[in-house]
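# can't give you the sequence, but here's the structure:
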């Protein structure tokens with residue numbers, strides 16, 4: 001004979017599932033505005049230095065002469081937009097153009113663990129006039145990434161329905 005689920009356990013499971021579903025809905029709502037649709041600005045200059053950071057999932061960090069910001073190519077953009085390869089001609093002194101959000105350029109991101117760093121995320125990259133990736137690549141990545149949020153939310157809503165039915169069934173006993 002199977003173990004009977006208690007009303008209290010069913011209610012707790014329903015509460016946890018509901019809280020997770022509300023969290024998913026909040027995250028979907030807070031990321032509703034797609035970053036690639038915000039105003040952007042091209043910054044050009046001579047490449048001063050660059051490095052790949054991270055081992056398993058590398059990203060690209062670069063600095064331009066006469067700029068105080070660290071420009072970073074996101075892990076996923078480095079993988080999708082650049083195929084995890086440094087472009088030819090990417091050497092100190094090369095003319096590089098980076099496309100960043102205007103807001104991040106005016107008010108750079110300062111990570112909590114590296115208070116001295118001032119970061120702007122790259123949404124488009126040119127090296128010596130050759131486009132490496134463009135804003136459309138960032139837009140398509142964001143759209144694809146956002147779809148996963150819908151999948152997780154629908155799964156959590158399904159789990160809320162399941163736990164709600166279990167709670168109702170336990171209440172009727």
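Done, it's in. Everything numeric in this text was worked out from a predicted model, so none of it was measured. Numbers count the residues shown, from 1 in each chain.
# Quick check: which element contains residue 63?
Element membership for residue 63 (DSSP states H and E) is strand 59-64.
# Over to residue 45?
Secondary structure assignment for residue 45, by DSSP H and E: strand 40-53.
# How is this protein partitioned into domains?
Domain assignment for the chain by automatic domain parsing gives 7-32+142-172, 37-133.
# Dump those into a markdown table; add mean pLDDT and mean neighbour count as well.
C-beta: built from backbone N, CA, C; applies to glycine. Supplementary listing: those in a markdown table, determined by pLDDT from 0 to 100; neighbours: other Cβ atoms under 10 Å:
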| stretch | mean pLDDT | mean neighbour count |
| --- | --- | --- |
| domain 7-32+142-172 | 84 | 14 |
| domain 37-133 | 84 | 15 |
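# Break down the protein into its strands, ranges please.
Along the chain, the segments classed as strands by DSSP state E run 40-53, 59-64, 70-73, 95-101, 119-127, 130-133.
# With distance to residue 154 as added columns, please give the ones you listed in TSV.
Rendered in TSV, the data for those read as follows (distance: least, Cβ to Cβ, whole Å):
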stretch	distance to residue 154
strand 40-53	32
strand 59-64	30
strand 70-73	31
strand 95-101	30
strand 119-127	29
strand 130-133	31
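# my guess is residue 99 meets residue 41, correct?
Yes. A contact is recorded between residue 99 and residue 41 when judged using Cβ atoms under 8 Å, the distance being 7.4 Å.
# In its sheet, which strands sit next to the strand holding residue 63, and in what direction?
strand 40-53 (antiparallel), strand 70-73 (antiparallel) (DSSP bridges).
# Let me see the residues that make contact with the longest one.
Counting by Cβ atoms under 8 Å, 6 or more residues apart in numbering, the neighbours of strand 40-53 from elsewhere in the structure are 58-67, 71, 78, 86, 90-102, 105, 123-124, 126, 135.
# try the shortest one
The contact list for strand 70-73 (Cβ under 8 Å, 6+ apart) reads 43, 59-64, 81-82, 98, 100, 117-122, 125.
# so how far is the longest helix along the chain off the chain centroid?
With DSSP state H applied, the helix covering the greatest number of residues in the chain is identified as helix 135-172. Once both centres are worked out by Cα atoms, centre = their mean, to the nearest Å, helix 135-172 turns out to sit 18 Å from its chain's centre.
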